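Asker: Sequence plus the predicted model coming up.
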Amino acid sequence: MNFIIILLITALLQIFSPWWVIAIVPFLIHIWRPTAAFNAFWISFLAVGALWLGYGYYLHVVSNGAISDRIAQIFFLPNGVLLLFLSALIGGLMAGFAGLSGFLVRHIFNREQRN
């Protein structure tokens, strides 16, 4: 369920917000709906990675690869598809660590309340 929530809210907020909203959404979701630490990382990683890969692929297909291939040339990458996978990996890592941070922040505050 956290996967779908992160995917939908991040997709909606990226229309109006800057790119770094991908860190805020998983952080807040995993404070609100905690899972295990392993799951917090991977759910966030896969949700944002799939979102960025899907949207990047959509833009790649719509432009016949022109945009992604030109940007890939700037970074000395062989083609635009590799650029799509690298951007999905970077976005996924950022979201994964944000989700893990949200889980750990909740864990810290719950531990302080018990003492």
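Answerer: Structure received. Fair warning: this is a prediction, and the values are worked out from it, not measured in the lab.
Asker: measure F109 to H30 for me?
Answerer: For F109, the distance to H30 (C-beta to C-beta, to the nearest Å) stands at 13 Å. For every residue, glycine as well, the C-beta is placed using N, CA and C.
Asker: So which of the two has more stuff around it?
Answerer: H30 (28 against 10; other C-beta atoms under 10 Å).
Asker: which secondary structure element contains the more buried one?
Answerer: helix 21-32 (DSSP states H and E).
Asker: and the next helix or strand after that helix, how far out from the chain's middle?
Answerer: Remark: after helix 21-32, the chain's next helix or strand is helix 37-62, criterion DSSP H and E. Here helix 37-62 is found 6 Å from its chain centre; the criterion is C-alpha atoms, centre = their mean, to the nearest Å.
Asker: what angle separates helix 37-62 from helix 21-32?
Answerer: If you take axes from the mean of the first three to the mean of the last three C-alpha atoms, to 10 degrees, helix 37-62 sits at 150 degrees to helix 21-32.
Asker: Which elements pack onto helix 37-62?
Answerer: helix 2-16, helix 21-32, helix 66-74, helix 80-114 (3 or more C-beta pairs under 8 Å, 6 or more residues apart in numbering; DSSP states H and E).
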